[in-house]
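Chemist: Here you go, sequence then predicted model.
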Amino acid sequence: MLQLDAEGLYAELRTGVRALLQPEAVLVGIWSGGAWLAERLQADLQRTGKPGVISSTLHRDDFGSRGLAGGADPTHLPFEIEGRRIVLIDDVLYTGRTIRAVINELYDFGRPASVKLAVLVDRGGRELPIEAAFAAARIALPPTQKLALARDEAGRFSFTVEERA
């Protein structure tokens with residue numbers, strides 16, 4: 001059984017994101033695991049303001065079959081996107097389809113100067129030419145398994161591995 005130390009990987013992610021962040025850059029977390037990570041990174045890196053949260057829902061290539069899964073679109077960007085340097089945060093990078101959808105969503109709000117991606121885990125299996133600028137871990141999982149980030153009441157992270165339906 002695969003065991004990943006999510007808190008240990010978070011410490012690696014924090015170090016990697018610190019190196020990617022330029023003073024004028026902003027953090028944007030992908031709903032939901034990436035948003036949790038961005039929120040904690042914003043505090044731990046002592047950055048002012050709130051990080052952005054972005055959803056892939058409205059730009060997914062399977063929107064027709066999924067619709068608004070989980071209700072309303074949680075995208076909230078408390079800053080201008082136009083000309084900004086964006087550090088996009090996600091928990092697990094797999095096919096690249098979520099990242100493609102999120103970049104389309106970002107461009108609905110303006111044209112950023114740059115977008116860099118940092119992830120907790122890159123599990124391979126890419127279907128699109130998407131690559132993280134930083135990944136705290138790289139692992140291989142069979143396509144039948146899903147890696148999910150969880151957060152407890154104290155804000156500590158853990159992973160579960162689930163079989164896909």
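Modeler: On my side now, so go ahead. Numbering: from 1, shown residues only.
Chemist: how about the lengthiest helix in the chain: buried residues?
Modeler: Longest helix in the chain, counting residues (DSSP state H): helix 6-20. Buried residues in helix 6-20, counting neighbours by 16 or more other CB atoms under 10 Å, are found at A6, L9, Y10, L13, R14, G16, V17, L20. Backbone N, C-alpha and C define where each C-beta goes, glycine included.
Chemist: Packing partners of the following helix or strand past it?
Modeler: On the C-terminal side of helix 6-20, the nearest following helix or strand under DSSP states H and E is strand 26-30. Secondary-structure packing of strand 26-30 (3 or more CB pairs under 8 Å, 6 or more residues apart in numbering; DSSP states H and E): helix 33-44, strand 52-54, strand 85-93, helix 97-108.
Chemist: picking up where we left off before, okay, the angle between the longest helix of the chain and strand 26-30?
Modeler: 140 degrees (axes from the mean of the first three to the mean of the last three CA atoms, to 10 degrees).
Chemist: Which other helices and strands does helix 6-20 contact?
Modeler: Taking 3+ CB pairs under 8 Å, 6+ apart as contact, the helices and strands that helix 6-20 lies on are helix 33-44, strand 85-93, strand 114-122, strand 134-138, strand 157-163.
Chemist: The same query, at a cut-off of 7 Å, please.
Modeler: Other elements packing on helix 6-20 under the criterion 3 or more CB pairs under 7 Å, 6 or more residues apart in numbering; DSSP states H and E are helix 33-44, strand 114-122, strand 134-138, strand 157-163.
Chemist: By mean pLDDT, flag the weakest helix or strand of the chain.
Modeler: The helix or strand of the chain with the lowest confidence, counting by mean pLDDT, DSSP states H and E, is helix 63-66 at a mean of 50.
Chemist: Quickly note the distance from A11 to A137.
Modeler: Between A11 and A137 the computed distance is 12 Å (CB to CB, to the nearest Å).
Chemist: L149 too?
Modeler: Applying CB to CB to L149 and A137 gives a distance of 12 Å.
Chemist: And for E12?
Modeler: Using CB to CB, which is the criterion applied here, E12 is 7 Å from A137.
Chemist: ditto for Q42
Modeler: Q42 sits 22 Å away from A137, going by CB to CB.
Chemist: How about L20?
Modeler: 17 Å.
Chemist: Then R14?
Modeler: Using CB to CB, we find R14 at a distance of 14 Å from A137.
Chemist: next one: Q22
Modeler: From Q22 across to A137, the span is 24 Å (CB to CB).
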